[in-house]
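Undergrad: Pasting the sequence and the predicted coordinates here, then a few questions.
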Amino acid sequence: MSADALGPAERAQRRSDRLIWTWTLVVVLAIYLPILCGLLASLSQGRYFRFPVPRWSADWWTRTLESIEIRLLVQTSLKMAIAVTLIAVVVAFFGALAYARYDWKGRGVFQKLVLLPIFFPQPVMGLALLLWFSALGIQLSWQTAVFAHLVWIVPVVTLVMAIQMYGFDPALEEAAFDLGASRLQVFREITLPILWPGIWSGALFAFLLSWGNFPLSLYTTGPDTAVPEWLYAKMVAGYTPMVPALGSMSTIAAALLLLVAGLALRLRRRRVSP
Amino acid sequence: MAASGMANVQGMAEATGAGWRDRLLSAGARCALPVYVLLAAGFLAPLVTVVAFSFATPRSFDAFRSFTLANYAAIFDPANTVWLSFAWSIALAATAVLILLLVAYPIAYGLARVFGRWAGLISLLFVFPLFVSENIRLYGWVLFFIRGGVLDGTLGYVGLSAPDVLYTVGATLFGMVYVYLPFMLFPMTLGLSTVPRDLIEAARDMGASRLQIWREIELPLAMPGVLIGVLLCFVLSVGAVAEAKILGGQSIIVITHDIEIAFTYAQNWPLGSALAVLLMLVVGGLTLAVIGRIDLDRILGRR
């Protein structure tokens, strides 16, 4: 069909669709621009960033990879993210059942209360937790930071899983019960496989959000230091190109994890429904 | 459907001999329990502690043991300029929300209607930055805007130099819009996807103009999602601090920065707590007012 054959309404529609596409692509580019700038800065040789980059070098990357200090930071961050993921997935899984699956008397209130930590500025929540820990006389460490992360991440993961659970048909479980399956069997054979994609994406969210979190870690890690905290400290005082180098590495690692997890999910889906 | 599910769940529970547990707590309540415990110990209790500290003797650490209004009196003292930080934070947050509405609406519309099979990939592109620490991303903008940085160097090719935008109020605002875009975009998209297409088609067939369709169908039906986006972005940016520190270069002091100073350098926890309580009142009041009116099942579940 040629453009002349379209009515004025369709043509206006096409024009606005094209505008929407253009705008979206511009914004996407703007979102990734600073990440790209960091990459450029980490790959230039000088101590201070200049553009156009006078001389390229992978020097800061190797130095960052060899640094023992940074290895410790990464270990701390990984430890925290893994702990947060394991706990958050279990707690949020049941939370999501209460949120979307069961119809119970307190559900409306529960759905709203769960949102409150998400609708709360994280720096203030971090300070409040700092006060609370010191009022209890608890020594700060990466473990207290794990707890702080959970307060924010469990609600997020609950939402992520709940959105997926809304599509779950309870009739499948009932059918299995009618056929004589036990509670455990139904959970293992019906509930878990169907909800798996939601659990998987919830786990991914938990890990990546904990990995990248800065405001909560800042006040609750005590003497331990997570990667985003170190980056911030060096940005404020004592810039070295290891800052963009570590920042870029952390970003690339997150992207790779997301990619691998996405592919795994896709493969699995293909296997389940050929 | 949900109600019959409930009946069945109960029937099933009794059949398996778990009836006594259901009489104590329903299945839903049992599942909600761990989350409730976490929220009580990690959210409610810290906030109560902050409130308690806000009534403690200034510059002391004896919360729950002393009661004074001195901290609040100090804040409301006309000689104190802390209200300025409050005003900046609220003004910046409100402006950021307005800009975000304009920036995000076309994209949300695109995700709900136009992009089709590309919508998944495009959403992913907008989600991913959430997993990168905001200070890494904000620092990238510093490298972009700084003298001798990417913008300056690019403009240098045509013989221009970059304007001094870094370390200004504008840069802080820009940082907020940048960081909180996904928080506006996704609730808005959820809201817009609840608008039934047939309804719009029907209105168009009956001769409604595009503006009429937007004002009388699309916007009212998408409103819950838009409201959640507005609320989320407002409360997060009113308490934001990284943007003002990294991009704004402390050209202005936002309220959370004042709170942080009271807690760290000044070692005046009661004063910091009183400031935090005032901020919490703004944030909590707005949140409860908006969330109380919204049917979350409809937005999230699309039933």
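TA: Nice, I can see it. Residues are numbered from 1 along each chain as shown, chains lettered A, B, ... in the order given.

Undergrad: Spatially nearest residue to whichever residue of the stretch 51-200 of chain B sits closest to chain A, not counting backbone neighbours?
TA: Closest to chain A within the stretch 51-200 of chain B is B:Gly140: 2.5 Å, counting by CB to the nearest CB. For the C-beta atoms, the positions are set from N, CA and C on the backbone; glycine is no exception. Using CB to CB, 6 or more residues apart in numbering or on different chains and skipping residues adjacent in sequence, the residue nearest B:Gly140 is A:Pro34, 2.5 Å away.

Undergrad: what's the helix or strand where that neighbour lies packed up against?
TA: Taking DSSP states H and E as the criterion, A:Pro34 maps to helix A:8-42. Applying 3 or more CB pairs under 8 Å, 6 or more residues apart in numbering or on different chains; DSSP states H and E, we find helix A:8-42 packed against helix A:242-272, helix B:82-109, helix B:119-127, helix B:134-145, helix B:169-193.

Undergrad: Now for the closest residue to B:Arg137 other than its chain neighbours, how many residues are close by?
TA: Among residues not flanking B:Arg137 along the chain, A:Pro34 sits closest, at 5.1 Å (CB to CB, 6+ apart). Neighbourhood size, A:Pro34 [other CB atoms under 10 Å in any protein chain shown]: 25.

Undergrad: So stretch B:145-162, near chain A or not?
TA: Yes: Stretch B:145-162 is in contact with chain A by CB under 8 Å from any CB of the partner chain, via B:146, B:148-150, B:152-154.

Undergrad: List the buried residues for that stretch?
TA: Taking 16 or more other CB atoms under 10 Å in any protein chain shown as the neighbour-count basis, stretch B:145-162 is seen to contain the buried residues B:145-146, B:149-153, B:162.

Undergrad: Spit out the contact partners of the closest residue to chain A within the stretch 201-303 of chain B.
TA: Minimum separation of the stretch 201-303 of chain B from chain A (CB to the nearest CB) falls at B:Gly239, amounting to 2.1 Å. For B:Gly239, the contacting residues are A:120-124, B:89, B:255-256, B:279, B:283, by CB atoms under 8 Å, 6 or more residues apart in numbering or on different chains.

Undergrad: one step back: so for the helix or strand that the helix holding A:Pro34 is followed by, what gets flagged as buried?
TA: Using DSSP H and E, the helix or strand that follows helix A:8-42 in sequence is helix A:59-66. Using 16+ other CB under 10 Å as the test for burial, helix A:59-66 gives A:60-61, A:64.

Undergrad: Determine the angle, from 0 to 180 degrees, between helix A:59-66 and helix A:242-272.
TA: 70 degrees (axes from the mean of the first three to the mean of the last three CA atoms, to 10 degrees).

Undergrad: State the pLDDT value of the closest residue to B:Gln250 other than its chain neighbours.
TA: Distances taken as CB to CB, 6+ apart place B:Ala244 nearest to B:Gln250, at 6.7 Å, with adjacent residues excluded. Note for B:Ala244: predicted pLDDT of 92.

Undergrad: Likewise for the one 4 residues further on?
TA: Among the per-residue scores, B:Gly248 shows a pLDDT of 90.

Undergrad: Confirm that it lies within a strand, as I assumed.
TA: No: B:Gly248 sits outside any strand when classified using DSSP: H, G, I helix; E, B strand; the rest coil, being coil.

Undergrad: tell me the contacts of it?
TA: By CB under 8 Å, 6+ apart, B:Gly248 lies in contact with B:167-169, B:171-172, B:175.

Undergrad: I'd like those laid out as a markdown table, including pLDDT.
TA: Shown next, in a markdown table, are the contacts of B:Gly248 (pLDDT from 0 to 100):
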| residue | pLDDT |
| --- | --- |
| B:Tyr167 | 91 |
| B:Thr168 | 92 |
| B:Val169 | 93 |
| B:Ala171 | 94 |
| B:Thr172 | 95 |
| B:Gly175 | 96 |
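
Undergrad: right, quick check: stretch B:97-114 against chain A, any contact?
TA: Yes: using CB under 8 Å from any CB, stretch B:97-114 reaches chain A at B:103, B:106-107, B:109-110, B:114.

Undergrad: neighbour-wise, which of these leads?
TA: In terms of neighbour count, B:Ile107 stands highest of the residues of stretch B:97-114 next to chain A at 27 neighbours, by other CB under 10 Å.

Undergrad: Give me every residue in the stretch 51-200 of chain B lying close to chain A.
TA: The stretch 51-200 of chain B has residues B:53, B:63-64, B:103, B:106-107, B:109-110, B:114-115, B:122, B:124-126, B:128-144, B:146, B:148-150, B:152-154, B:178, B:181 near chain A, with proximity defined as CB under 8 Å from any CB.

Undergrad: Could I have the buried ones of the contacts of B:Gly239 as ChimeraX selection syntax?
TA: Buried members of those, defined by 16+ other CB under 10 Å, are picked up in ChimeraX with:
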select /A:120,121,122,123,124 /B:89,255,256,279,283
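
Undergrad: Just give me the closest of the contacts of B:Gly239 to A:Gly238.
TA: Nearest to A:Gly238, judged by CB to CB, of the contacts of B:Gly239 is A:Pro123 at 22.1 Å.

Undergrad: Then that closest one would be within a helix, right?
TA: Yes: assignment of A:Pro123 by three-state DSSP places it within a helix.

Undergrad: ok, it - contacts?
TA: A:215, A:218-219, B:239-242, B:256, B:259-260.

Undergrad: Might you name the residue of the stretch 101-250 of chain A sitting closest to chain B?
TA: Closest contact between the stretch 101-250 of chain A and chain B, by CB to the nearest CB, is at A:Pro121 (2.1 Å).

Undergrad: B:Leu296 versus the nearest residue to that residue once chain neighbours are set aside, what's the distance?
TA: Distances taken as CB to CB, 6+ apart place B:Gly239 nearest to A:Pro121, at 2.1 Å, with adjacent residues excluded. Look at B:Gly239 and B:Leu296: by CB to CB, to the nearest Å, they are 23 Å apart.

Undergrad: repeat for B:Pro187
TA: 11 Å.

Undergrad: and what of B:Phe76?
TA: When distance is defined by CB to CB, B:Phe76 is 37 Å away from B:Leu296.

Undergrad: Looking at these two, which one has more neighbours?
TA: B:Leu296 (20 against 13).

Undergrad: can you pull the contacts of that one?
TA: A:111-112, A:115.

Undergrad: again with A:Gly46
TA: Contacts of A:Gly46 by CB under 8 Å, 6+ apart are A:54-55, A:241.

Undergrad: 10 Å - rerun?
TA: Residues in contact with A:Gly46, defined by CB atoms under 10 Å, 6 or more residues apart in numbering or on different chains, are A:53-55, A:57, A:60, A:241.

Undergrad: Please apply the same query to B:Arg298.
TA: B:190-191, B:194, B:221, B:224-225.

Undergrad: quick one, domains of the chain?
TA: All of this is about chain A. Per the record, chain A has its domains at A:3-42, A:60-272, by automatic domain parsing.

Undergrad: was after chain B, sorry
TA: Using automatic domain parsing, chain B is parsed into the domains B:1-46, B:77-301.

Undergrad: so of these, which one's packed in deepest?
TA: domain B:77-301 (a mean of 19; mean count of other CB atoms under 10 Å in any protein chain shown).
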